[in-house]
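J.: predicted model, plus sequence, below.
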Amino acid sequence: MVDDEPDVVRLLTFNLERAGFETESAGTGADALMTAARTKPTVIVLDLMLPDISGLEICRQLRADSALAKVGILMLTALGDDDQRVEGLAAGADDYVVKPFNIDEIVLRVRALARRIGESEKAREKDAGRVLRCGAISLDPVTHDVRVHSEPISLRPLEYKLLAVMVAEPGRVFGREELIRQVWDMEEVSNPRLVDVHIRRLRQNLGEAANVVETVPGFGYRACLDDPV
């Protein structure tokens, strides 16, 4: 937990530990980065407005660190307009919650992130040697390597999970609600357009293969069976 408000940290600590999590806290960005490097957390609950380094910059640095790039990041902040949400997600956050918050919802979201990361590790063992292909894209469920025309590309955890879900069943249309269930491991989120933000970011990272992820107007998204022209 990274927050400079002691009351928020105490509330999060009490409820997350009661839910079975081990917790560490930091009140500054510098302490957060050092603590993350030392403890290798599964999930980070990250405030944006810190006294030294912004939460956005912390998020970017975590995603750039190979040892921490796959950590789940839940931004918990008073900055709640749509542009700020998009900026937070674009920096690499997996989830975004605006203060004031419901503590039970935070616990559920942290649990969902932790579960998804754990399932990714299990998938590595289950899918050893199997490579998923769709058009120009190949995806290794074990190493999480993604290639476009045999060239490796880098995806953040949620982008990878979105792509993996669709590439596993090419041609099938996934609505936003179903993607939220499968990727975010939640029945619903306050803003289903969250999916659109991550799809847009996924396409940017896929570059010339962006059209493999196709919008089906009025229904959702799918991975094309053939590489579109």
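T.: Structure's in. What do you need? Quick caveat: nothing in here was measured; it's all calculated off a predicted structure. Residues are numbered from 1 along each chain as shown.

J.: contacts, neighbours, all on C-alpha from now
T.: Noted.

J.: the helix or strand containing Ile117 packs against which elements?
T.: In this structure, Ile117 sits in helix 103-126 according to DSSP states H and E. The criterion is 3 or more CA pairs under 8 Å, 6 or more residues apart in numbering; DSSP states H and E, and the helices and strands that helix 103-126 contacts are helix 6-18, strand 43-46, strand 72-77.

J.: report how many residues lie close to Ala26.
T.: Per other CA atoms under 10 Å, the neighbour tally for Ala26 reads 19.

J.: I should have written Glu208 there, sorry.
T.: 12.

J.: with Arg38 instead?
T.: Counted with other CA under 10 Å, the neighbours of Arg38 add up to 9.

J.: which positions within the helix or strand harbouring it qualify as buried?
T.: In the assignment (DSSP H and E), Arg38 maps to helix 29-39. Within helix 29-39, the residues that qualify as buried by neighbour count (16 or more other CA atoms under 10 Å) are Gly29, Ala32, Leu33, Thr35, Ala36.

J.: quick one: the helices and strands packed on helix 103-126 as CSV, columns for mean neighbour count and distance to Asn205 too.
T.: Below are the helices and strands packed on helix 103-126 laid out as CSV (neighbours: other CA atoms under 10 Å; distance: least, CA to CA, whole Å):
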stretch, mean neighbour count, distance to Asn205
helix 6-18, 14, 34
strand 43-46, 24, 24
strand 72-77, 24, 19
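
J.: could the ones you listed go into TSV alongside mean pLDDT and distance to Arg201?
T.: As requested, these are exported to TSV (pLDDT from 0 to 100; distance: least, CA to CA, whole Å):
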stretch	mean pLDDT	distance to Arg201
helix 6-18	96	30
strand 43-46	96	21
strand 72-77	93	16
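
J.: so which of these gets nearest Ala210?
T.: With CA to CA as the criterion, Ala210 lies closest to strand 72-77 of those, at 24.6 Å.

J.: give me the sheet partners of the closest one and which way each runs.
T.: The sheet places strand 72-77 alongside strand 43-46 (parallel), strand 95-98 (parallel), with pairing taken from DSSP bridges.

J.: can I get those in a markdown table including distance to Ala168?
T.: Converted to a markdown table, these look like this (distance: least, CA to CA, whole Å):
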| stretch | distance to Ala168 |
| --- | --- |
| strand 43-46 | 26 |
| strand 95-98 | 23 |
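
J.: care to break this structure down by domain?
T.: Described in terms of automatic domain parsing, the domain architecture of the chain consists of the residue ranges 6-120, 129-223.

J.: for the longest one, what is the distance to the chain centroid?
T.: Read that as domain 6-120. Domain 6-120 sits 11 Å away from the centroid of its parent chain (CA atoms, centre = their mean, to the nearest Å).

J.: that older thread, figure out which of the strands paired with strand 72-77 is closest to Ile117.
T.: The stretch from these with the least distance to Ile117 (CA to CA) is strand 43-46; that distance is 8.9 Å.

J.: and for that closest one, what are the contacting residues?
T.: In this structure, residues lying in contact with strand 43-46 by CA atoms under 8 Å, 6 or more residues apart in numbering are 1-3, 55, 71-77, 110, 113-114.

J.: which is the succeeding secondary structure element to it?
T.: On the C-terminal side of strand 43-46, the closest following helix or strand by DSSP H and E is helix 55-64.
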